[in-house]
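> sequence plus the predicted model coming up.
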Amino acid sequence: MKVLVRPFATLRRYFPHLGVGEGLEVELPDGATIGQLMNHLGLPADQVRVVFVNGVSRDENHPLADGDEVGVFPPVGGG
């Protein structure tokens, strides 16, 4: 299956070839989870805070489906 991944904010540094707002098409085995996707992408677990699948926040055990759009966000700090 193929999913479209959009890394945001500081996570974009792991994909320097992507332009602003561009996504990365990733091929995974059927039934792969968000956690497996993060491992496949090489993203450190402590750098991923929120993952949206088709606009809905999901946890690392959520199974992905062909054609899903995945937004990945880092922890945000501020005051």
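Happy to help now that I have it. Residues are numbered from 1 along each chain as shown.
> count of residues packed around the closest residue in space to F52 that isn't next to it in sequence?
Counting by CB to CB, 6 or more residues apart in numbering, F52 lies nearest to G71, which is 4.2 Å off, once chain neighbours are set aside. Every residue, glycine included, has its C-beta placed from N, CA and C. By the criterion of other CB atoms under 10 Å, G71 has 18 neighbours.
> contact partners of stretch 60-72?
1-8, 11, 23, 28, 30-35, 37-38, 43, 48, 50-55 (CB atoms under 8 Å, 6 or more residues apart in numbering).
> show the buried residues in the residues you listed.
Buried members of the contacts of stretch 60-72, scored by 16 or more other CB atoms under 10 Å, are 3, 5-7, 11, 28, 32-34, 37-38, 43, 48, 51-53.
> so which of those residues are in helices?
34, 37-38 (DSSP state H).
> and D59, how far from V48?
Distance, D59 to V48, by CB to CB, to the nearest Å: 11 Å.
> which one of the buried ones among the contacts of stretch 60-72 is nearest to L18?
P7 (7.3 Å; CB to CB).
> helix or strand for the nearest residue to the closest one once chain neighbours are set aside, which one?
Nearest residue to P7, sequence neighbours excluded (CB to CB, 6+ apart): V72, at 5.0 Å. Assigned by DSSP states H and E, V72 falls within strand 69-73.
> CA atoms only for that strand, dumped as PDB, please.
Taking C-alpha atoms only, strand 69-73 is exported to PDB below (Å, rounded to 0.1, in the frame of the first residue of the first chain):
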ATOM      1  CA  GLU A  69      -2.600  11.000   4.200                       C
ATOM      2  CA  VAL A  70      -0.400  11.200   7.300                       C
ATOM      3  CA  GLY A  71       0.600  14.500   8.900                       C
ATOM      4  CA  VAL A  72       3.500  14.200  11.400                       C
ATOM      5  CA  PHE A  73       4.200  17.000  14.000                       C
END
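> please name the strands paired to it in the sheet, noting orientation.
Applying DSSP bridges to the sheet, strand 69-73 is found paired with strand 2-7 (parallel), strand 50-53 (antiparallel).
> buried stuff in that strand?
Quick answer for strand 69-73 (16+ other CB under 10 Å): 70-73.
> all good on my end, thank you.
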